[in-house]
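Asker: Pasting the sequence and the predicted coordinates here, then a few questions.
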Amino acid sequence: MSSPIVELRGVTRSFEQGGVRIDVLRGVDLKIQPGEIVGLLGPSGSGKSTLLQAVGLLEGGFGGHIAIAGQSAEALSASERTELRRNHLGFVYQFHHLLPDFNAKENVVLPQLVAEKPRGECEARAEELLTALGLGERMTHRPSQLSGGEQQRVAVARALANRPELVLADEPTGNLDEVTSDKVFAEFLSLVRGEGSAALVATHNERLASKMDRVVRLHEGHLE
Ligand code: ADP
Ligand code: MG
């Protein structure tokens, strides 16, 4: 078997709130193979977003072992972590977090420019992704000129722009109505599959979870 794109061993995270300590992650073990799409289920407050932050190397404060693409997070400097995120990971959040002053295409081009790719290549990639998501006629629209479903599609295109080996999605269609959510979710999965990326997708929706290769559930700080 090839080496995993994600490996977590005994990952812990606690928060101190009003003098009370909450142990949100109590020793999480998880392996994701390249190209595997894994659903992360759990009720609200169970720690899904916290776990995605651990895998995304977005914050400190975690105990245990985290390795992405064979590199141990503990051994990396802040700038190396940033580089690993940029080269290997793509993020989609519940709220799109698009840059409001840039149009759809520019929002997909920018992360590629940050990764120091040539502009022509960045633009072609943005057009390819936006077209695949049915936004061929929306490239020059700003986020405020797009519907909620269209905004999330742009966010999906942005996450995939740099061809990440792993996509981290935190309730990516959670703020959309059911019909739009199902549609955007299906497009998201088919695009991720087509690209051959692995994904860890948090949701509390069992129906959406059933469309993934495998599901893990967060319960009392552990995965089962
Ligand atoms: P989920 O995404 O499954 O809804 P979260 O990971 O957002 O769950 O939160 C899990 C628990 O951790 C919640 O009880 C939440 O209040 C707590 N929590 C998350 N982030 C923080 C923080 N920055 N400070 C204090 N508590 C936090
Ligand atoms: Mg959450």
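Answerer: Okay, I see it. Ligands and ions are numbered 1, 2, ... in the order given.
Asker: From here on, just use CA atoms for contacts and neighbour counts.
Answerer: Noted.
Asker: Quickly find the element holding the residue nearest in space to the middle of the chain.
Answerer: Nearest to the mean C-alpha position of the chain, by CA atoms, centre = their mean, lies residue 168 at 1.9 Å. Assigned by DSSP states H and E, residue 168 belongs to strand 166-170.
Asker: what residues does that strand touch?
Answerer: Defining contact as CA atoms under 8 Å, 6 or more residues apart in numbering, one finds that strand 166-170 is touched by 5, 34-35, 48-49, 52, 56, 88-94, 159-160, 192, 197-203.
Asker: Just want the angle from the longest helix seen in the chain to strand 166-170.
Answerer: In terms of residue count, the longest helix belonging to the chain (DSSP state H) is helix 178-195. Inter-element angle recorded for helix 178-195 and strand 166-170: 170 degrees (by axes from the mean of the first three to the mean of the last three CA atoms, to 10 degrees).
Asker: Contacts for helix 178-195 next, please.
Answerer: With CA under 8 Å, 6+ apart, helix 178-195 has contacts from 35, 133, 149, 152-153, 156, 160, 163, 167, 172-174, 198-199, 208.
Asker: helix or strand right after that helix?
Answerer: Downstream of helix 178-195, the first helix or strand assigned by DSSP H and E is strand 198-203.
Asker: Could you give the average pLDDT over stretch 199-208?
Answerer: For stretch 199-208, the mean pLDDT works out to 93.
Asker: Show me which positions of that stretch end up buried.
Answerer: Residues 199, 200, 201, 202, 203, 204, 208 are the ones in stretch 199-208 that count as buried (16 or more other CA atoms under 10 Å).
Asker: From the contacts of helix 178-195, which land in helices?
Answerer: 149, 152, 153, 156, 160, 208.
Asker: The residues you listed: which two are farthest apart?
Answerer: The largest separation in these, counting by CA to CA, is between 160 and 208 at 19.9 Å.
Asker: would you say residue 135 is within a strand?
Answerer: No: per DSSP: H, G, I helix; E, B strand; the rest coil, residue 135 lies outside any strand segment and is coil.
Asker: Show me what from the chain comes close to ligand 1.
Answerer: The interface of the chain toward ligand 1, taken as CA under 6 Å from any ligand atom, is made up of 15, 17, 24, 43, 44, 45, 46, 47, 48, 49, 50.
Asker: cutoff 8 Å now
Answerer: Selection of the chain residues close to ligand 1 by CA under 8 Å from any ligand atom yields 14-17, 22-24, 42-51, 170, 202.
Asker: What separation do you get for residue 14 and residue 61?
Answerer: Going from residue 14 to residue 61 by CA to CA, to the nearest Å gives 8 Å.
Asker: These two: who's more crowded?
Answerer: More neighbours surround residue 14 than the other of residue 14 and residue 61, with 15 against 9 (other CA atoms under 10 Å).
Asker: What sits closest to that one if chain neighbours are left out?
Answerer: residue 23 (4.3 Å; CA to CA, 6 or more residues apart in numbering).
Asker: Now name the helix or strand holding that neighbour.
Answerer: strand 20-32.
Asker: Counting by contacts, list what that strand packs against.
Answerer: The contact analysis (3 or more CA pairs under 8 Å, 6 or more residues apart in numbering; DSSP states H and E) places strand 20-32 against strand 6-17, helix 48-55, strand 222-223.
Asker: just to revisit the earlier point, state the mean pLDDT of the strand holding residue 168.
Answerer: In the prediction, strand 166-170 has an average pLDDT of 97.
Asker: Restricting to C-alpha, output that strand in CSV.
Answerer: Taking C-alpha atoms only, strand 166-170 is exported to CSV below (Å, rounded to 0.1, in the frame of the first residue of the first chain):
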residue,chain,number,x,y,z
LEU,A,166,-5.6,16.5,0.1
VAL,A,167,-8.8,18.7,0.2
LEU,A,168,-10.1,19.6,3.7
ALA,A,169,-13.7,20.6,3.6
ASP,A,170,-15.6,21.9,6.7
